[in-house]
Every structure is written in structure tokens, then in C-alpha cells.
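[1] from the sequence below, what's the structure:
(3 chains)
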Amino acid sequence: MHIVVCIKQVPDSAQIRVHPVTNTIMRQGVPAIVNPYDLFALEEALRVKDQHGGRITMLCMGPPQAEDALRKCLSFGADDAILVTDRSFAGADTLATSYALASAIRTIAKEQAVDMVFTGKQTIDGDTAQVGPGIAKRLDLQLLTYVSRIVELSLDERSIVIERRAEGGVQVLRTQLPCLVTMLENTNEMRFANMDNMLRAARFSVRKWNKEAAGIEDVTKIGLKGSPTVVSKVFGPKPRTEKADTESLEHSSPRDAVLNLIQKIFTRNPGLEDELVARTVVP
Amino acid sequence: MREKFDAIVVGAGPSGNAAAYTLAKAGLKVLQIERGEYPGSKNVQGAILYSDALEKIIPDFREDAPLERHIIEQRMWVLDNESFVGSHFRSDNYNKPPFNRYTILRAQFDKWFSQKVREAGALLICETTVEHLLMDGERVVGVRCDREGGDVFADVVVLADGVNSTLARKAGFHDEIRGKNVALAVKEILFLPEEMVQARFNVKEDEGVVIEMLGKITEGMVGTGFLYTNKDSLTIGIGCILEDFKNKNPNRSAPYALLEKLKRHPAVAPLIEGAEMKEYCAHLIPEGGFFAVPKIYGDGWLIVGDSGGFVNAAHREGSNLAMTTGRLAAETVIEAKSAGKPMSAQTLKAYKTMVDESFVMKDLHKYRHLPEVLHQNNQFFTAYPELVNHAAKTLFTVDGADKHSKEREIRGSFRASRSLVGLMSDAYKLWRATR
Amino acid sequence: MSETPPNAKKPAARAAGRNLELPEHLKSYKGVWVFIEHDRGVVHPVSWELLGEGRKLADMQGAQLAGVLLGGADEPLDRFAADAYAYGADLCYVMRDPVLKGYRNEPFTRGLTKLVKEGKPEIVLLGATTMGRDLAGSVATTLATGLTADCTELTIDPASRALAATRPTFGGSLLCTIMTLAYRPQMATVRPRVMQMPAKDSTRTGSIIESSLDMVEDVVVTKLLDFIADANSNKNHLAYADVIVSGGKGLKNPENFALVRELASVLGAEVGASRPVVQAGWVEAERQIGQTGKTVRPKLYIAAGISGAIQHRVGMEGSDIIVAINNDANAPIFDFAHYGIVGNAMQVLPALTEAFRAHLAVRARRAA
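    Numbers count the residues shown, from 1 in each chain, chains lettered A, B, ... in the order given. Here you go, the predicted model:
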């Protein structure tokens, strides 16, 4: 069993702030982390490995410092880690990214055939959820997105049954390997790395592939060149000209403030008052 | 987990990094264990980098270390509620490389230093807490970590685990931290465009200013404040002896409240106006000085940095003492290893000798009485700031009164506040505290 | 694993480094298409919201608006098409095939891709649901074109006449406008409730263009074994609720969240929450409103103890009336709320609950 888990290193967006005047992103000391959604994918892959044996190869496309993210994944028990890093990958949108990662997975498969690819549902910085489906399409893998649970996996029959989150319920799907799974969040709990793996990860020589080593055949399909989408501008949200009509408890009692508020709401939308009255059960 | 290292360094702050780097560079097998998510995540400092200490570890650090501004001006302010009396030292000599002191941002600096440690060959693991030392009788033989299979062994363990160190306490190497031997300090980093920093502080690109403050800003508690210029931000902070927050705090002010007041002080507010807060943190600082330094070596162990109380509160120096003790500890171990000696207390005593002979203990010794003297003499933080500010105001205000009367008034105010005997006694105490 | 067939549509000239010029052969792509998502006899309302938006885009381009329906032979696709016309579509592309009964990636990707290659639309919109995102990513990769996800605004750029899709970036702190200038179709997904539901005009009609898939079940590798409906389908109600009362970290502790529930109960409202509160475990994740939660546009949104950071704001700023209750007069929420009370939510909420209860009871008795 050979599983490839794709991860991305992202800035911890909870800590990024935007300067109100200059609109610049303030990333002072903001740590880069493994995209949290990817950890659910990794944990699921580790569970598959626990049950069925095999190897897990971590794959990440990113700048040199993304090596730290791969190391962290190794500490949980992954076997191998490859960082695909090259200046020419910069500026890639999801189409170009899926091309690069698919090429790398194809190259990895030359060493050992790949049975499953796991990715997180989406990234916290791009949050498009497009790269997983893109990779699957390019490598002709059966695509299983928003997977909440792996029900059954049979290596002999090369089949897998999963539960997939859909609107209003869960689809139960069966398909054949090789497949690509994008894992839903909160579907499992990440294990606590043991000391052996921590030390192994600290010592590990993460493989670094430039575009040649990654097996990129068509350089017009990577980076900016390979990206159909163009960011034409980045801007801050428009400040609303009118601020809220507020009343402060420093000047009014709670009772008066709420009575005034209710008055204002129902004056603005009398139909709303009727609707709410209709829902009220007369005592 | 039976793996054995030459040395285990607990902590990836300045002292831990100094030790790990020096050891690894000499070819020893080093494991460094940090409990934070990444090196520096648990560290807080002003922050000032002292080139002298770092040069002795990484001579060419200036090539790629993230440095904010090199300091060309030092300001010392004594504040009362609306004003300050200060003395400044500014010298163009400080513009001649190599520069002596820099302001830094710890988050970035620690990341850089840690990268160097790893490049030197040390193994670093993070998010791992050392629960306690593994002992063989009285001898430390390794550490137990909070992970499965978490026992790791080494010839020597260097405790660089900071002011809050529980390890040494658990092992009985020193007592519980006492509230009067630490200060609780809070600081904020305020974003301010580079040109504005330069305009307000009268410096050019890459030049920096350090302002150290004391006075009524600590509301009678023993403590100081500071304001440093970074490239495009300012660091402002204030801290007081922990015990004072409990016992000598008339307004029951929390540390953060003191900082807010400091920011609003008429002398400080204009300097930080328009700056936006982007980071806030708090930490403990060892302030006990000479008498609070515990035993720093034993069979198979050494203590470096804040964990050993190596902070010179009088001069607000800590990171240089941390790096120096880290380096000296490493040098002791390297020396012992190459001479084939065991890491016994007897061998490691050389560390204490080196520390005693260095500026570290010499400075701590010089100021050994200062904590106690300050603790028992609030007037240095209350009456005197008021008196000197009042004196300056009287002297510099031209209001028709003749200078002689003014002088008399000033003298009188000092005498009224402290009495002649008190004044002489205060002078003596200060002299005694700093000789 | 096989290689995707090389894209036959090679752009004629490509600017060095960036793809900014629409090649000649792609200029014939016209029309705005909306993928109409349906499952077990019901169309997801996001499809109608997208038709509303699509109508505006089609009008700007002087082009037609089409609905796209893929489904099983026995599914009510004609009824869905009739609804589509009522919501603004001029025509519908319909593909009926047994393999299309119940969503699966492979047949739907094949079907939509075939339709796009035949019909050559300029713009294709899909709802950012699990189905929509699954399908959009696969189709965009097959067609090697640009796809922009979770858009909050769609318009036509006057200069290039391309689709300008705006979405949040950098964790929601900023917005960015993205365009696909040199490739067609331009694809975009939009989350439910971000766009307004258009008015329904049942007098409108349109035409159907049938297309066949020609795919047999045997070649479809993935099989749909079962569908397990959610036991508590109240979760869907939050996104379409008319009145929502939400609580944030300003409530200080989980016990105080009960005050939010009480007010909601008096108003017959749904309960919502900001992300920090969900992360702290005070309330179920399904209640989260915001960039990584649900988008809502109720008639009345009451936010208690919520600061109004952009990540929450984008999830509810489309509400008709926004009321904010917060202790901090400078909280960002007061910048875009309509009404507010500056004060302790723990005091205001009970007072507001009581006042609403009394007011509605009086009116109800009068009406009875």
C-alpha cells in the first residue's frame, strides 16, 4: 500500500492582521503552519497504514521553508517527504498547482505505484478546494471529496467504500483504487507523535525536487504562466459611510434602550412585526 | 527509547541556542528539546541584542541575522505624572561598524538562531516538554519527555528552560521562585512606518534609540519601563517585581493597566501616536540578582540563562548573560569531553569558575544589594522622581523669581520630603547598592 | 494513470509570463450558464440565486442565460427547467441518462464537459456546495480553464468584458478580484445565500436543448450504494432563516449563551454563532456563520457579543436589518450594523427578550 498525502504550508491566517491605513498585510512573526485541514487527511492516511501496512509519502509544493511543514508530518509517522520547490512554481493558481503536484505524483509512482492520494478539504489561505479534484482528474484517479469516513478498504479487491458529506445527508460510495480522497475536517483526532518519530523527523533529509526532478514536462503549465486566473486587484472592504444608530447603556436604562430598538426595527420593517406575531403562541 | 546523546539542551531560547550551537559546532551529538510550538514561541524580551555576546558564538552573525536598528542613542528618563527628567547619550561613534547593540524582534531572531543551531548539526524537536530529569542516584543521566517512548539519555543535560524552570526545582537543585525575585513585565509592539520612527526619534535609516524609564509610572512598585525603536515598529513595556503587585500596589493595578497608563503619559504619548498595536505579550524576568543565583552545576547537569537567574536588572541586561552562560557551559562540556573526563560535578565546576570570572557574576556581584535596597526604599520610585522633576520645573521656568530663591525652594523641597538625614541615608544606600 | 489529453485549444499569442489576451478562437464563446443542482426531487436554492446573478451578467453581455440540468431519465428535469425560466433563464440544456441519477463525479464531469464543448458558454456558474465544488474542480481541470471559488461578487469588467469575480483573501481580511482573461469558459462558484434570491416570474418560458451522454453504467467505476439522510435536518434551516440571533466571545462563557437561545426562542429564530465560540465548543459547528461557516441573509440579524471582524462579517452582511449588542463602542460591527446597543450583552439580552415577548404577546392578543 503506497499513499501520497499532499499538504500545504500556510500562514496562520488567524494571526494575520491588516494595517487599517496602508492595507498592508502584517505578518510579523506569524508562524507558518501545516494547513490544518491537511492534518485530518494525514491522520486518516496513518490509520489506513496502521490497518493495512504500507508507506506514506508526504508531498508539498512550496518555498524552501515549507520543509518544516513536511518535517512535522514526518513526526506523526509518515515515511518519506518530498518538497517540490522551484522559483518557476511561484504565482501558481489551482490549475497550475494541480498540474505540478500531479506531475510529481506521477514521478513518485515510478519508484513505487501509488494506491491512494489524500488531501485536505481546502486550504485556509486559498480555500478553493480545487486542487484535490484537479489532481484526480489529471491522474485519472477516482475522486472522493468531503469524505467523512472510510468504511471499508480491500487491497485484494482494490476497492474502497466511503461516506461522503452531501447536502442533507451522507452518500455511501464504493469505488476502485487508485483514488484520491479529500478529507472532511473533524473526522478524526490527530495522534500525539512518539519520541522515535520526533527524532526521526528531526534527522530526516527531506527530498527537494526542482521542476526537472518533479517530472514537469510542460513548463508553460506551471507558475504564473500556467495560471488562467489573474488577480487584478486586492483591496480592503469598503467602510460603510453610515455607522450604526446606537444607544449606550451609559445614557439609557436597558429597558429603555431595548424598547427604542424594537420600535426602530418594526418601523423599518412592519412586515417583520406581523411575521413574528404570527409565530407567537397566544398564552 | 534508548538513544544516547553527548548533551541534551532543554530549551531553545538564547541560552539554549548558544549552548546547543557551540556544542554542535564542536562536533558533539546534541539534542535540543523545546516545549513551544517553535523556538521563540515562549520567549519574550525587550529586545536588545548585545553583539559582544553573540560575536563570541557566531562571529559573522551580522551577515544574515534579522536585526532591526543599531543603537546610537540611549535615553534614561525619570518620570513623574506629567513630566520627565532625562539624560541622553548619543554618539556618532556608534555608527561605526561593527555595531555594539541592536534592537531585534524575538520571533524572527529566535527563528534565525535556531536555524543556525540546526545547521551546526544539533537535532531539534519542538512541542515536547521535559517532564523531569532522569537520575541515577545523584547523577543526571537524561530526561523524560511527555511523549511515548520519551526517555532520552545523555552525558550531560544543560537546563536552559527559562525563568519558569520546573525541572531544576523538581530535581531539588533550587527552590521555588520567590515573588520578590522575579518581575512580571508586559510589552506591546506598535506598528509605525519607518519614516515616522526616524522622524520622531531623530535617527536615520537603521539607527535606533533605546529609552529606559523609571519613576511614578510603576506607582510605587519596584520596576522600570522601556521604549525601543525597531525598523518599522516600536516596542514599549513595563514591569514590576511580582511580589509588589500583591503587596505594594495601592491602586491594585494590573500590569496591563500600568502599560496603558504609560502609553498615555504626556512624555510618551506623542512618540507612539498613530502607532497600531500588533503584538502583546507578558513574561517573568529574574530580578533576584546575585543572591538568587542557585547552584548552577552538578553531576551531569548545568544551568544557563534565565533558569539560573542570570539577569542584571540594574542595566536591564539579560540576553547577553544568557548567551554567555550558554556558551561557557558548552565550552566546559567540550573541554571535558576532549580531555576524556566524566561529566561529574567536579569536572563541571569549571563552568562556575568561568562564570564567576566573567562579567556575568562580576556584574551581578556588584549590584548584589540593589534588589534589597530598592525593595526597602520606595522613595526611589516615588519621592525622588517627583522631587527631581519638580526641581527641574522650578529651575527651567522663568517666572520672575530670582534664581537664588528657586534654589532655596528646591533644596527645601528635598529636605521637606526626605529630611537631611534621609537624604544622606538615601545617598549612602544607593552607593552601597551599586558599588 | 493516464495523461489528460493535451488541450487542443492552444492560445494563439501569449504575453510573456501572463495570460492576458483572449485568443481569437475563444471569442465565439457566448452565454452565461448556471449549473442547476438538484437531488432527490428538490433543486438547491443556490441554483436560483445564481440564475438571478446570471441574469444580470447575461444582460450586461447582451447574451442568453441558460440553466444546465443533468439527471436520471425519471427525474423531474422538465419541472426544474420550468422553474429555471421563472427565475430568469432563457433556455435549458438538459442531459438525461440513468448514469446521471444521483451525483457522481465521473458521469457528471463527463456530461458537463461535453455540454460546454458543444455549447461554448462564456461563463459557467455553480453553487459552492459539496456537489458544486467537486464538479467544478474536475470540469475546470478537464477544460484547462480558470475557476474562482466562493465569490462574493460577480460583474463584467468594462475594459476587458471579462467576468470579474471578487472573493475574500488572506483569511478574509482583504478582498481580491480575479479574472480569467485568456481562457474559456470562465468558471466561478458562489456559496448559498451570498447572492439574493431573484423574484419568480411564472409567466416566463424558455426552450430545452436535449443532449445525450452516451455513457454506460459499466464504465462508471464509482457506485452509489446508499444515501443516509441527516436525522436532524434543522441544520439547513439556519442558512435560510428569516430571523437569526447570534452570539460571540463577548458573552464570556458558555452559560451566557443560553441568553441567545432564549431570545431566539421568543422570536422563533435560528441560533447562530461566531467562529471563536464554535471553536471553544459552546455551540455546534453547524451554527457557525462567517467565511468558513454559513452565509446568511435573514430579515433580522441580532449579534450579541460579536466584534464584527471581517471573517464573520462576510457571512451575514447581506442581512436586511443588522442589530449589534456589544460592550465596546469601537467594535467594528458598529461600522456596518444598522442599529445597536452599546452595553453588556448579559444585561441587554434578557431585557430585549422580555421586551419582545411582551410586545409580541400584546400584538398577538389583539390579533386573536
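
[2] who does the closest residue to C:Ala229 other than its chain neighbours form a beta bridge with?
    Excluding the flanking residues, the one nearest C:Ala229 by CB to CB, 6 or more residues apart in numbering or on different chains is A:Gly169, at 4.1 Å. C-betas here are computed from N, CA, C, even on glycine. Beta-bridge pairing for A:Gly169 (DSSP bridges): A:Ala166, C:Ala229.

[3] now A:Gly169: how far from C:Tyr103?
    Using CB to CB, to the nearest Å, one gets 12 Å for the distance from A:Gly169 to C:Tyr103.

[4] for A:Ser98, helix, strand, or coil?
    helix (DSSP: H, G, I helix; E, B strand; the rest coil).

[5] so who does it touch?
    Going by CB atoms under 8 Å, 6 or more residues apart in numbering or on different chains, A:Ser98 touches A:Gln130, A:Val131, A:Pro133, A:Gly134, A:Ile135, A:Lys137, A:Arg138, C:Thr141.

[6] get me the contact residues on the stretch 1-150 of chain A for chain C.
    Counting by CB under 8 Å from any CB of the partner chain, the residues of the stretch 1-150 of chain A close to chain C are A:13-14, A:16-18, A:23, A:25, A:93-95, A:98, A:106, A:109, A:114, A:124-125, A:127-134, A:136-146.

[7] of those, keep whichever come out buried.
    Using 16 or more other CB atoms under 10 Å in any protein chain shown as the burial test, the residues of the stretch 1-150 of chain A next to chain C include A:13, A:16-18, A:25, A:93-95, A:98, A:106, A:109, A:114, A:124-125, A:127-134, A:136-139, A:141-146 as buried.

[8] for stretch C:21-28, measure first residue to last.
    14 Å (CA to CA, to the nearest Å).

[9] for that stretch, which positions count as buried?
    C:Leu22, C:Pro23, C:Leu26.

[10] of the residues you listed, closest to C:Gly315?
    C:Leu22 (34.4 Å; CB to CB).

[11] skipping adjacent residues, who's closest to that closest one in space?
    Excluding the flanking residues, the one nearest C:Leu22 by CB to CB, 6+ apart is C:Ala182, at 5.6 Å.

[12] what about the strands in the stretch 151-283 of chain A?
    Assigned by DSSP state E, counting those that start in this stretch, the strands in the stretch 151-283 of chain A fall at A:159-166, A:169-176, A:179-183, A:207-209, A:229-235, A:245-248.

[13] for the stretch 151-300 of chain C, same thing?
    Under DSSP E, counting those that start in this stretch, the stretch 151-300 of chain C gives strands at C:153-156, C:163-169, C:174-180, C:186-190, C:207-211, C:223-229, C:243-247, C:270-273, C:300-304.

[14] may I have the second one as CSV, with CA atoms only?
    So the one you mean is strand C:163-169. This file holds the C-alpha atoms of strand C:163-169, laid out as CSV (Å, rounded to 0.1, in the frame of the first residue of the first chain):
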residue,chain,number,x,y,z
LEU,C,163,-16.0,38.2,-15.7
ALA,C,164,-14.6,40.0,-12.6
ALA,C,165,-15.1,37.7,-9.6
THR,C,166,-14.4,39.1,-6.2
ARG,C,167,-13.7,36.9,-3.2
PRO,C,168,-12.1,37.2,0.3
THR,C,169,-8.4,36.5,0.6
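
[15] that one near chain A anywhere?
    Yes: contact of strand C:163-169 with chain A (CB under 8 Å from any CB) involves C:Ala164, C:Thr169.

[16] name the helices or strands packed onto that strand?
    Counting contacts by 3 or more CB pairs under 8 Å, 6 or more residues apart in numbering or on different chains; DSSP states H and E, strand C:163-169 is packed against strand C:153-156, strand C:174-180, strand C:186-190.

[17] for the second one, C-alpha coordinates in PDB please.
    What follows is strand C:174-180 as a C-alpha-only set of coordinates in PDB (Å, rounded to 0.1, in the frame of the first residue of the first chain):
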ATOM      1  CA  LEU C 174      -8.900  41.500   2.300                       C
ATOM      2  CA  LEU C 175     -10.900  41.100  -0.900                       C
ATOM      3  CA  CYS C 176      -9.400  40.300  -4.300                       C
ATOM      4  CA  THR C 177     -10.900  40.500  -7.800                       C
ATOM      5  CA  ILE C 178      -9.900  37.600 -10.100                       C
ATOM      6  CA  MET C 179     -10.400  37.300 -13.800                       C
ATOM      7  CA  THR C 180      -9.800  34.600 -16.400                       C
END
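
[18] list the helices and strands that strand packs on?
    Applying 3+ CB pairs under 8 Å, 6+ apart, we find strand C:174-180 packed against strand A:229-235, strand C:147-148, strand C:163-169, strand C:186-190.

[19] recalculate using a threshold of 7 Å.
    With contacts taken as 3 or more CB pairs under 7 Å, 6 or more residues apart in numbering or on different chains; DSSP states H and E, strand C:174-180 sits against strand A:229-235, strand C:163-169.

[20] more neighbours: A:Gly169 and C:Tyr103, which one.
    Each of A:Gly169 and C:Tyr103 has its neighbours counted (other CB atoms under 10 Å in any protein chain shown); C:Tyr103 has more, 24 against 18.

[21] what's near enough to touch the closest residue in space to the more buried one that isn't next to it in sequence?
    The spatially closest residue to C:Tyr103, leaving aside those adjacent along the chain, is C:Met131, at 5.1 Å (CB to CB, 6+ apart). Residues near C:Met131 by CB atoms under 7 Å, 6 or more residues apart in numbering or on different chains: A:Ala166, C:Glu37, C:Tyr103.

[22] returning to what we had before: what is the nearest of the contacts of A:Ser98 to B:Arg327?
    Here the nearest of these to B:Arg327, counting by CB to CB, is A:Val131; it sits at 46.7 Å.

[23] give me phi/psi at the closest one?
    Dihedral pair for A:Val131: phi -70, psi -40, per degrees, to the nearest 10.

[24] check contacts around it.
    Contacts for A:Val131 (CB under 7 Å, 6+ apart) come out as A:Thr94, A:Thr97, A:Ser98, A:Leu101, A:Thr119.

[25] the last one belongs to a strand?
    Spelled out, it's A:Thr119. Yes: counting by three-state DSSP, A:Thr119 is part of a strand.

[26] any idea how far it lies from A:Leu180?
    7 Å.

[27] joint contacts of the two?
    Common neighbours of A:Thr119 and A:Leu180 (CB under 7 Å, 6+ apart) are A:Gly132.

[28] between the two, who's got more neighbours?
    For A:Thr119 versus A:Leu180, neighbours defined as other CB under 10 Å are more numerous around A:Thr119 (29 against 24).

[29] tell me the pLDDT at the more buried one?
    Note on A:Thr119: pLDDT of 97.

[30] ok, and the closest non-adjacent residue to it?
    A:Thr119 sits nearest to A:Gly132 (CB to CB, 6+ apart), 4.2 Å away.

[31] tell me the contacts of the one you found?
    The neighbourhood of A:Gly132, defined by CB under 7 Å, 6+ apart, consists of A:Thr119, A:Thr145, A:Leu180, A:Thr182.

[32] what residue in the stretch 1-150 of chain B comes nearest to chain A?
    As assessed by CB to the nearest CB, chain A sits closest to B:Ala107 within the stretch 1-150 of chain B, at 3.0 Å.
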